[in-house]
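Trainee: below are the sequence and a predicted model; questions follow.
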Amino acid sequence: ELTIGCAGGTDINATLEYQEEDAPADSVITKVVLTGLLGGHSGLEINESRANANKLMARVLFATVNKGMSLISTWTGGNMRNAIPRDGEVVVAVCKDKVEAFHAEVEKIAKIFKEEYKDKEKNLSLTVETIPSASVKVIPEAIGINLVMA
């Protein structure tokens, strides 16, 4: 007997209108990159406790945006609606006086992730780099906080 099936899926497109703001003039534009996850099909490997790059990146943002360290500029992750995202990237404006604390927080989170997924995600990498910027737009602080709280 052979059964082929699918749990099905629903696409949801949500929009939220807001006015982007210029990043504060004294902020340091920083990219946080998460790579090396296994990913996989959301129907086949979902039961294997693989890390989801979007969920992990949300935790990074929750820890930094809610502490007033950063403002979100861009957030990307995954590339297919039926796949477990294996990589992600955020660009944030980090308050100049909180750069050291931001780096320390991301490093602490990276260690937590590596411990949580030590048996599954052996190539997990979370890196931070300062990037040059002329003018960067950010999501208003209140919107960013609500976004990562959801």
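Mentor: Ah, there it is.

Trainee: alpha carbons only for contacts and neighbour counts from here, please
Mentor: Will do.

Trainee: tell me which residues in the lengthiest helix in the chain are buried?
Mentor: Identified as the longest helix of the chain according to DSSP state H is helix 99-116. Judged by neighbour count using 16 or more other CA atoms under 10 Å, the buried positions of helix 99-116 are 99, 102-103, 106, 109-110, 113-114.

Trainee: could you point out the helix or strand that follows that helix?
Mentor: Note on helix 99-116: by DSSP states H and E, the next helix or strand toward the C-terminus is strand 125-130.

Trainee: now do that following strand: which elements does it pack against?
Mentor: Packing partners of strand 125-130 (3 or more CA pairs under 8 Å, 6 or more residues apart in numbering; DSSP states H and E): strand 28-35, helix 99-116.

Trainee: picking that back up, so for the longest helix of the chain, what's the average pLDDT?
Mentor: Across helix 99-116, pLDDT averages out at 96.

Trainee: now the angle from that helix to strand 28-35?
Mentor: 10 degrees (axes from the mean of the first three to the mean of the last three CA atoms, to 10 degrees).

Trainee: who does helix 99-116 touch, helix- and strand-wise?
Mentor: Looks like helix 99-116 contacts helix 53-65, strand 125-130 (3+ CA pairs under 8 Å, 6+ apart).

Trainee: between the ones you listed, which gets nearest to I29?
Mentor: strand 125-130 (5.9 Å; CA to CA).
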